[in-house]
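S.K.: Quick one: sequence plus predicted model below, questions after.
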Amino acid sequence: MLDEINKQIIDQPKIILEKTTVFKKRRFWVPLFMVLSILIGLFLSVLGMGYFYKLRVLPNTFVGILPIGGLTKEELKTAITSMNDKLSSEGISFDYQTNSDHKTKLVYPFIVEGENTVELVKIDIENEVNYLLKQGHSSNYFLNGLSAVESFFVPETLNLQNVEVDSPRLIAILAQDLSIYETPFSNASVQINTLEPLDFNVTSAKAGIVYDYSGIIKEVKNKWSKLEAVQIQVKLREKMPIILEKDVETIKDRLPMVFSPGVVEVTYQDPVIGEYRRWKINEIKIKNWLEVQKTPENEIVFGLNVDKVQEFLQNNVSQYVNVSAVDAKFKTDESGRVIEFQGSRPGIKLDLEKTANDINSIVWGRTWHDQGVPKTVAVTIATVEPLIKTGDVNNLGIKDVLGVGVSDYSNSPVNRIKNITNAVNKLNGILIKPGEEFSTLKYTSPFTLEGGYFSELVIKGNELKPEIGGGLCQIATTLFRMAMNSGLKIVNRRNHALVVSHYNDPVNGNPGTDATVYDPAPDFTFLNDTGNYILLQTTMNKKTQELVFTLWGTSDGRKGYYTHPIVKKWYSPGEEIITETTDLKPGETKCQNAFAGADATFTYTIVRPDNQQEEIVFDSHYKPLPKTCLKGVEVITEGSSVSSSTEGIVVSVE
């Protein structure tokens, strides 16, 4: 008994030690399990956030002051479009200082020119949306989740990347008001009083004060990229002359040698018929165009104003030199039979810049040399190869109808129908090479009276102006539908900015399946990816007043079709705007109709020979535009052109 008690006493510390060890082990595993549980929970949470924000903008993200965090692609597209429309309707405010006053000019960056619309500031909504959705994203859900967590604590402000400003048009609009307050700079030069005897005096160089137009464009682009209200302080800057009186003094003794050799003769020999032509730049023209110039090597010389020389060449020489390239083509009847053949011919184009510089170089030479300076300049020409040569039209396999496009041009004005007819004739019989990107502008240009187009008076801003080539969007829209029904790849397509009834879908009357063109952009283009030549056949059905465009080629078994457009939302055009003008007789009124805005969508489907399908969704946004009228008055009332409702105004007002 005693031995057992002693054994228990001896073994008790060992038992206690074993129990303590087990307890310690348990105490170690419990916190480890808790830590692991927390880590796994955090990992799953981050992974979940990564999955949630896979197709969304990361949280706490802004464009300017516009919150876009958590938005899906469609939500983001709606938000950016709405802000873009808002900025367009508010206009761009330009504050500028005159000689004695401070003025403000309000320009609405959306101009209606007949059936065409010009956006002074535009963004590519689709590309911008894709850019914003990619920021901070990767193909790994966990990394996406980490980026999302970081965004909650560190806000990010992004700018739009592809804001385009139509600099020439915007500057021209501003210059109409601002240029009268500028003081142009002038280089030192010579003023020729008489040629016989030669009498002249050296004119002084003067610094100028001009508005900083380049800075204006940068500021407009910067603010629009942040979707901010665009209010610009137009700054004046000093523009210094680059040629001073002391420079002219170094060459003034050479002035007699500029005139003593006499005229400069421009020559050209037609390479086809061998006809020889010449034009003279006489002493009077040299006198009127003469100026002091700096060469690229900074030498001071007498030269001719290059703009004046190019204008002379354009007005007098180009019409005898320029010959359009002629493509080989053939036409088919309804059965696909070839009924007309045309051989190809290279074109010729006058190189204005090179020829003008060569003429100017003769005057430079007279500054330096007494003898050996040429008196004649042969014009420089460039050869324009035809897109389709005669040898290309053999054995092309033009036998199948690939697709047909139809549009309605009924109730069009006379000149519009004439323009459509001219473009139809230009396109009929065009052969499109394998791999060629067909350009509507390329094949229907030039858009001039000589090119067969007529003009009409249209409202441009707050003035009536003649516009040449109205109706070409009818052509682009018909081509768009034809290309889709042929299953071809659409490369460039932009919808009209306004809902124009001529281009509504022929089945349900909704907008959405139109395409706009305007020289030099936008263009409508599609790709011939059939691997064979295709032939464009264009006809006008004058009874039904429809355009019917047919594409012929060798079918590879593909099919193309598109759904009829659905209008997701309509926008009210707003209140009527009346702008006073002195261009019309007092009391006379000219109006641009109101346009309801819309968001429309349709799907274009290509079915390949292996039955694989490709679906492309075309979303179109059409801006609302109130009825805008010009009212003739004797004197414009101060502030009369500002409406009580500015939404959608397209005129430029002060």
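M.R.: Nice, I can see it. Please read these numbers as outputs of a predicted model, since none were measured by experiment. Residues are numbered from 1 along each chain as shown.
S.K.: and Leu630, which of the three is it?
M.R.: Judged by DSSP: H, G, I helix; E, B strand; the rest coil, the three-state class of Leu630 is strand.
S.K.: now it, which residues is it bridged with?
M.R.: Assessed by DSSP bridges, Leu630 has beta-bridge partners Thr579, Lys590.
S.K.: ok, now how distant is it from Ala476?
M.R.: Separation of Leu630 from Ala476 (C-beta to C-beta, to the nearest Å): 28 Å. Every residue, glycine included, has its C-beta placed from N, CA and C.
S.K.: do the same with Met83
M.R.: For Met83 relative to Ala476 (C-beta to C-beta), the value is 28 Å.
S.K.: Looking at those two, which one has more neighbours?
M.R.: Shown here are Met83 and Ala476; by other C-beta atoms under 10 Å, Ala476 has more neighbours (26 against 19).
S.K.: Just read off the phi/psi values of that one.
M.R.: Note on Ala476: its backbone torsions stand at phi -60, psi -40 [degrees, to the nearest 10].
S.K.: Ok, the one 3 residues further on next?
M.R.: Reported as degrees, to the nearest 10, the phi and psi values for Leu479 are phi -60, psi -40.
S.K.: measure it to Leu547 for me?
M.R.: Counting by C-beta to C-beta, the gap from Leu479 to Leu547 is 9 Å.
S.K.: now swap in Leu304 and tell me
M.R.: The gap separating Leu304 from Leu547 is 49 Å, by C-beta to C-beta.
S.K.: mind listing what Glu436 touches?
M.R.: Shown in contact with Glu436 (C-beta atoms under 8 Å, 6 or more residues apart in numbering): 387, 527-528.
S.K.: quick check, nearest of these to Met49?
M.R.: Met49 has its nearest neighbour among the contacts of Glu436 in Leu527, at 40.8 Å by C-beta to C-beta.
S.K.: For that closest one, give the beta-bridge partners.
M.R.: In this entry, Leu527 is beta-bridged to Glu437, Lys489, by DSSP bridges.
S.K.: Val507: neighbour count?
M.R.: 10.
S.K.: where does the stretch 501-650 of the chain dip in pLDDT?
M.R.: Scanning the stretch 501-650 of the chain for pLDDT under 70 picks out the ranges 638-650.
S.K.: and what of the stretch 51-200 of the chain?
M.R.: Using pLDDT under 70, the flagged stretches of the stretch 51-200 of the chain are 113-115.
S.K.: What segments of it are helices?
M.R.: Using DSSP state H, counting those that start in this stretch, the helices of the stretch 51-200 of the chain run over 73-90, 125-134, 141-153, 167-178.
S.K.: and of those helices, who's closest to Asn360?
M.R.: Closest to Asn360 of the helices of the stretch 51-200 of the chain, according to C-beta to C-beta: helix 167-178, at 25.0 Å.
S.K.: OK, contacts around Met482?
M.R.: Neighbouring residues of Met482 by C-beta under 8 Å, 6+ apart: 403-405, 549-551.
S.K.: Make TSV out of those and add secondary structure, neighbour count and distance to Glu164.
M.R.: Shown next, in TSV, are the contacts of Met482 (DSSP: H, G, I helix; E, B strand; the rest coil; neighbours: other C-beta atoms under 10 Å; distance: C-beta to C-beta, whole Å):
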residue	secondary structure	neighbour count	distance to Glu164
Gly403	strand	23	32
Val404	strand	15	34
Gly405	strand	21	29
Phe549	strand	25	30
Thr550	strand	21	35
Leu551	strand	26	32
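S.K.: could you redo these as CSV and give each row distance to Val57?
M.R.: Shown next, in CSV, are the contacts of Met482 (distance: C-beta to C-beta, whole Å):
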residue, distance to Val57
Gly403, 39
Val404, 42
Gly405, 38
Phe549, 41
Thr550, 45
Leu551, 41
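S.K.: tell me which of the residues you listed is nearest to Ile432?
M.R.: Proximity of those to Ile432 (C-beta to C-beta) peaks at Leu551, which lies at 8.5 Å.
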